[in-house]
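A.B. asks: no sequence for this one, just the structure:
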């Protein structure tokens, strides 16, 4: 009976040690939280272009990036 208890305790410790190692791996979880809609971002971008804050080339590149990100 004592042998059975020792085996049971060792089995529990072995399983606990094995399970403790699961899920480590330093996996990086990326989450994105969007506080504005695509339409709002496009309107803000257009406003910046109209006010001369960015060039036409910058406007086109940023617009393409927003639209590509949305897909």
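C.D. replies: Alright, I've got the coordinates. All values reported here derive from a predicted model rather than from experimental measurement.

A.B. asks: pLDDT below threshold where in the protein?
C.D. replies: In the predicted model of the chain, residues 1, 4, 7-8, 10-11, 13-26, 29, 32, 34 satisfy pLDDT under 70.

A.B. asks: Count the neighbours of residue 6 for me.
C.D. replies: By other Cβ atoms under 10 Å, 10 other residues sit near residue 6. Placement of C-beta: from N, CA and C, glycine included.

A.B. asks: again with the one 3 residues further on
C.D. replies: Here the count is done by other Cβ under 10 Å, and residue 9 has 10 residues near it.

A.B. asks: now residue 45
C.D. replies: 19.

A.B. asks: List the contacts of it.
C.D. replies: 54, 59, 62-63, 66 (Cβ atoms under 8 Å, 6 or more residues apart in numbering).

A.B. asks: any chance you could map the helices in the protein?
C.D. replies: 2-20, 38-50, 56-70 (DSSP state H).

A.B. asks: got those as CSV, with distance to residue 27 columns?
C.D. replies: Below are the helices of the chain laid out as CSV (distance: least, Cβ to Cβ, whole Å):
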stretch, distance to residue 27
helix 2-20, 16
helix 38-50, 29
helix 56-70, 23
